[in-house]
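In: pasting the sequence and the predicted coordinates here, then a few questions.
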Amino acid sequence: MIQRFFGKPGASVRIGAVALAWIILISVLHASLNGEPQHPKKLLMGYMPVIANLAAPLVDYATRDADVRFDALKFGSFAEMAEAFRSNHIQAAFIIAPLALVLHQQGVPLKIVYIGNRHESTFVKRKGLNCRTPMDMAGKTVAVPIRFSGHLLAIKRCLREHGADPDSINIVEIPPPDMAAALASGGIEGYFVGEPFAGKAIESGIAERMLDVESIWPHFICNLMIVRAETVQSHPDWVQALVSAAVRSGFWARDHIDEAIEIAMRYWNQDPKVVRYAFTQPPDRIRFDLYMPLREELELIASEMDLAGLTSTRIDVEGIIDDRFARAVVLKKAAALKEALLD
């Protein structure tokens, strides 16, 4: 019965081979017509659309045709990005610094390899509010991107250093894209965030600048880049390429601001006028050269987290930093400079 149904054994083999080839062909055509082909070497990196993370869209744009492609995935909140990194949905993340330390404390295998652009966070207040300093905001409600943020630490640190109660301000968590709307509705009196989200409220006329973060915390770290430890171990060349590209993107953006804004707008979906304002007010504010992860800076953040009661035990930053990739960039730049001088 079986032989009569399929025909002769030789014929069944030929028919099976033809059928298999046809299935493979249809599958390939379906994939090519209905979806983008998978790049053979790709690393997925999460980011928020802030200037501290400008490297993400620039590196994505620059590596589209490279041997190793770095794809930038935009998130609406740092909490969502942290969960994506925890679950290994993304292998790298431009994430807010204290949250990276919390992930490390919770046992998520990661390495800090790069510090994002600095001096790009701004504290704004509702326009017309009679407050000149954070101390004047006592009893009022101020938003930060997330509880585990440098912005919360900076507020409490400033209050403490001026002899004020570090808990005198009611601090709430609001994702950066929603902050301006919360201020306009009267739900909050101010917010502290990375640009261009502060500039958005200033440009629209609903907020006034209270202070720039560097005035109360020099060399403040807003965001840094973390990479999963297994990726660092299995593909150190990819990580080196990513860090090198991130560093170069900062210096390129500094010297080609119009082109950088144009590229970023393709990813951020924000008003170019607002982004330009954030990049240029005040002029030359943003630092692109402080990208090296330093133990003492992360220990300071861990200490401030301890003082703010964000952790039950002091976070040990030992082993979390892998600065060899950023250091290699520094050495390469130094060698190039020496060669140029000798020539």
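Out: Right, received. Where do you want to start?

In: quick one: classify the nearest residue to V102 once chain neighbours are set aside as helix, strand or coil.
Out: Of all residues not flanking V102 in the chain, F148 sits nearest, at 5.2 Å (C-beta to C-beta, 6 or more residues apart in numbering). C-beta: built from backbone N, CA, C; applies to glycine. What DSSP: H, G, I helix; E, B strand; the rest coil gives for F148 is coil.

In: show the pLDDT at I221.
Out: pLDDT for I221: 97.

In: please shift the residue numbers so they start at 10 in all later answers.
Out: Understood, numbering begins at 10; the last thing we discussed is I230.

In: show me the contacts for it.
Out: A106, I124, G125, R127, G159, E306, L307, I310 (C-beta atoms under 8 Å, 6 or more residues apart in numbering).

In: equivalent analysis for V222, please.
Out: Counting by C-beta under 8 Å, 6+ apart, V222 touches H128, S130, T131, F132, H160, A163, F201, F229, C231.

In: restricted to strands, list those.
Out: Using DSSP state E, the subset of the contacts of V222 located in strands is S130, T131, F132, F201.

In: ok, and the most crowded of those?
Out: In terms of neighbours by other C-beta atoms under 10 Å, those top out with S130 at 29 neighbours.

In: wait, isn't that one in contact with L220?
Out: No. S130 is beyond contact range of L220, at 9.7 Å (criterion: C-beta atoms under 8 Å).

In: tabulate the ones in strands among the contacts of V222 (JSON lines), appending distance to G259 and pLDDT.
Out: Listed next are those as JSON lines, based on distance: C-beta to C-beta, whole Å; pLDDT from 0 to 100:
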{"residue": "S130", "distance to G259": "16", "pLDDT": "96"}
{"residue": "T131", "distance to G259": "19", "pLDDT": "96"}
{"residue": "F132", "distance to G259": "24", "pLDDT": "98"}
{"residue": "F201", "distance to G259": "23", "pLDDT": "98"}
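
In: JSON lines please, covering the residues you listed and showing distance to R141.
Out: Shown next, in JSON lines, are these (distance: C-beta to C-beta, whole Å):
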{"residue": "S130", "distance to R141": "18"}
{"residue": "T131", "distance to R141": "15"}
{"residue": "F132", "distance to R141": "11"}
{"residue": "F201", "distance to R141": "15"}
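
In: tell me how far the closest residue to W277 other than its chain neighbours lies from M274.
Out: Leaving aside its sequence neighbours, W277 sits nearest to P58 (C-beta to C-beta, 6+ apart; 3.9 Å). Here the criterion is C-beta to C-beta, to the nearest Å. By it, P58 lies 10 Å from M274.

In: more neighbours, these two?
Out: Neighbour count, other C-beta under 10 Å: between P58 and M274, P58 has more, with 24 against 16.

In: so who does the more buried one touch?
Out: Counting by C-beta under 8 Å, 6+ apart, P58 has contacts K83, A273, Y276, W277, N278, Q279.

In: and the fourth one, how many residues sit next to it?
Out: Counted with other C-beta under 10 Å, the neighbours of W277 add up to 22.

In: before we move on, back to that, go ahead and confirm the residue nearest to V111 touches H113.
Out: No. Using C-beta under 8 Å, F157 makes no contact with H113, being 11.6 Å away.

In: give me the more crowded residue out of those two.
Out: A count of neighbours by other C-beta under 10 Å puts F157 above the other of F157 and H113, at 25 against 22.

In: list the contacts of that one.
Out: F157 sits next to I105, P107, L108, L110, V111, M314, L319 when contact means C-beta under 8 Å, 6+ apart.

In: any idea which helix or strand carries the spatially closest residue to I272 that is not a sequence neighbour?
Out: Excluding the flanking residues, the one nearest I272 by C-beta to C-beta, 6+ apart is Y70, at 5.2 Å. Using DSSP states H and E, Y70 sits within helix 64-71.
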